[in-house]
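Asks: build me a model:
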Amino acid sequence: MVGSVDLKTALVTGAGRGLGQAIADSIAAAGGTVYGTSRDLATAEEIAARYGTVPIVMDVRDSSTITAGVEQAWSHAGQIDLLVNNAGVNAPRAALDVTEEEWNLVHETNVRGTFLVSQALARHWIVATIPASIVNVASQAGIVAIEERVAYGSSKAAVIHLTKLLALEWAPHGIRVNAVAPTFVRTELTASTLARPEWAAQLLARIPLGRFGEPEEVAHAVNFLLSDASSLVTGHTLVIDGGYTIQ
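Replies: Residues are numbered from 1 along each chain as shown. Coordinates of the predicted model:
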């Protein structure tokens with residue numbers, strides 16, 4: 001099938017629900033083996049049972065759990081070929097109301113965590129000369145300004161540029177690094193925003209295709225970028241926004 005990841009093994013951060021689970025499901029459906037991470041053991045165990053692997057407890061704000069989680073997955077699998085940096089948080093509020101703690105939480109999770117997990121796996125890939133593929137989950141909020149997204153949007157803009165920087169440095173090693181930038185997708189992360197009728201209507205009016213995204217639509221795009229079907233694509237951010245950013 002086009003976009004198949006058959007016989008490849010992926011690490012997906014934040015795979016316990018919403019977009020992360022949809023991405024992990026898509027990889028598994030395409031024939032890949034999935035190691036999903038969660039910050040808590042109970043969810044990690046549920047993920048492992050879902051995909052027939054082992055629980056990987058990882059908080060991407062904690063470098064020690066990143067190192068331990070990557071080593072555990074690598075040791076159990078034999079090697080990891082694919083990485084999806086999906087774990088992320090938001091602090092949707094006006095810029096004047098964002099606290100220092102919220103700012104740090106968003107940037108440490110979305111940017112620092114994405115970098116450290118990528119770095120940990122790239123060290124393995126480069127030593128073992130394994131061609132690999134990374135997909136970072138960014139956002140349209142990293143491309144265009146959206147109200148109440150100062151911490152989140154700036155973090156996702158950083159992820160988009162981080163994608164380019166890592167793609168440039170690691171291309172000689174056969175490591176491709178790409179990103180996806182979704183619009184508002186119906187998940188737990190967006191539930192509070194889309195539950196505000198007037199605000200949801202304003203956002204919907206900005207999407208030319210006239211609807212919000214579904215997790216599976218993003219997952220299919222991630223699967224394409226992970227797979228050999230996109231073998232000449234690196235440093236690219238694939239926008240999945242129903243046309244939001246073209247205006």
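Asks: near the spatially closest residue to Thr190 that is not a sequence neighbour, how many other residues are there?
Replies: Distances taken as Cβ to Cβ, 6 or more residues apart in numbering put Phe184 closest to Thr190, at 5.2 Å, once the chain neighbours are dropped. For glycine as for every other residue, the C-beta is placed from the backbone atoms N, C-alpha and C. Phe184 sits with 24 neighbouring residues when counted by other Cβ atoms under 10 Å.
Asks: now Phe184: how far from Val218?
Replies: 11 Å (Cβ to Cβ, to the nearest Å).
Asks: which residues does Ile66 contact?
Replies: Applying Cβ atoms under 8 Å, 6 or more residues apart in numbering to Ile66 gives the contacts 58, 60, 113, 116-117, 120.
Asks: in a markdown table, list those along with neighbour count and distance to Thr33.
Replies: A markdown table is the format used below for those (neighbours: other Cβ atoms under 10 Å; distance: Cβ to Cβ, whole Å):
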| residue | neighbour count | distance to Thr33 |
| --- | --- | --- |
| Met58 | 27 | 17 |
| Val60 | 26 | 21 |
| Gly113 | 24 | 23 |
| Leu116 | 19 | 23 |
| Val117 | 26 | 18 |
| Ala120 | 19 | 19 |
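Asks: just checking, what packs against the longest strand seen in the chain?
Replies: The longest strand of the chain (DSSP state E) is strand 175-182. Identification of packing neighbours for strand 175-182 by 3 or more Cβ pairs under 8 Å, 6 or more residues apart in numbering; DSSP states H and E yields helix 113-128, strand 132-137, helix 150-170, helix 215-226, strand 237-240.
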